[in-house]
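*Asks:* Pasting a predicted model and its sequence here:
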Amino acid sequence: MRVTGVIQAGGKSTRMGGQPKALLPLGGRRIIERAIDAVAPAVDDLLIVTNTPGLYAFLGLPMVPDVYPDSGSLGGIYSGLKAATGESALTVACDMPFLDPDVARRLVARAGEADVVVPRLGDQLQTLHAVYAKTCLPHIEARLLAGRFKIVGFFDDVRVIEVHATELCHDRDPAVVFMNVNTPEELEHARRLVAEVD
């Protein structure tokens, strides 16, 4: 099965004061570069979902805008999945600095088992580190057209497999692998972690 890696870079970074969090440096690389380096070995090709392509042109990757603007992360998932060349897309957020290639591979290996393959960490589904099949498109689009943007809202309409984070993160702390950098405080925490994680 062909799987496209989709990097979601469409957010407005309001909690980071408006500066694009994907471009913030961490351990000598921008956060989005760290995400790309982790996802690339696990997928057949890559693309970025962004409404500000000029910011990411230096990466040399295909870019697509949101099909339905201002529809949040669900709209980004839809836009990336619709543009994906593969039958499925491994969708990750651009602000996850400690993504792991082995974790991504283990998740992608299960892509054919369901319409959505999503990690669970505690009581949280990691919907922005999940594999979505093209079969999800009509169900997501129906939610977007109805103005209902909660990601898990369409899960009852498709086949979903939840994979416990410990099954994916054999030798890494799942809380680190799946962490996001949304605020200046979280960025500082990531900068403290980077020396021991890299």
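*Replies:* It's in.
*Asks:* which ones are touching Ser88?
*Replies:* For Ser88, the contacting residues are 1-4, 111-112, 131-134, by CB atoms under 8 Å, 6 or more residues apart in numbering. All C-beta spots, glycine's among them, are computed from the backbone N, C-alpha and C.
*Asks:* between the residues you listed, which has the most around it?
*Replies:* Val131 (30 neighbours; other CB atoms under 10 Å).
*Asks:* who's it bridged to?
*Replies:* The residues paired with Val131 through beta bridges, assigned by DSSP bridges, are Leu90, Val117.
*Asks:* which residues does it contact?
*Replies:* With contacts taken as CB under 8 Å, 6+ apart, Val131 has the following neighbours: 3, 88-91, 107-108, 110-111, 116-118.
*Asks:* Of the contacts of Ser88, which belong to strands?
*Replies:* Within the contacts of Ser88, membership in strands is found for 3-4, 131-133, as judged by DSSP state E.
*Asks:* Buried ones among the contacts of Val131?
*Replies:* A residue is treated as buried here by neighbour count (16 or more other CB atoms under 10 Å); on that basis the buried members of the contacts of Val131 are 3, 88-91, 107-108, 111, 116-118.
*Asks:* Select, from the ones in strands among the contacts of Ser88, the two members most distant in space.
*Replies:* The span of the ones in strands among the contacts of Ser88, defined through CB to CB, is set by Thr4 and Ala133 at 11.3 Å.
*Asks:* Using PDB, list the CA coordinates for stretch 127-139.
*Replies:* Extracted C-alpha coordinates of stretch 127-139, given in PDB (Å, rounded to 0.1, in the frame of the first residue of the first chain):
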ATOM      1  CA  THR A 127      -5.300  12.400  15.700                       C
ATOM      2  CA  LEU A 128      -2.500  14.500  14.300                       C
ATOM      3  CA  HIS A 129      -0.200  11.500  14.200                       C
ATOM      4  CA  ALA A 130      -2.500   9.000  12.500                       C
ATOM      5  CA  VAL A 131      -3.000   7.200   9.300                       C
ATOM      6  CA  TYR A 132      -6.200   8.100   7.300                       C
ATOM      7  CA  ALA A 133      -7.400   6.100   4.200                       C
ATOM      8  CA  LYS A 134      -8.900   7.800   1.200                       C
ATOM      9  CA  THR A 135     -12.200   6.100   2.200                       C
ATOM     10  CA  CYS A 136     -12.500   8.700   4.900                       C
ATOM     11  CA  LEU A 137     -12.800  11.600   2.400                       C
ATOM     12  CA  PRO A 138     -16.600  11.600   1.900                       C
ATOM     13  CA  HIS A 139     -17.200  11.300   5.700                       C
END
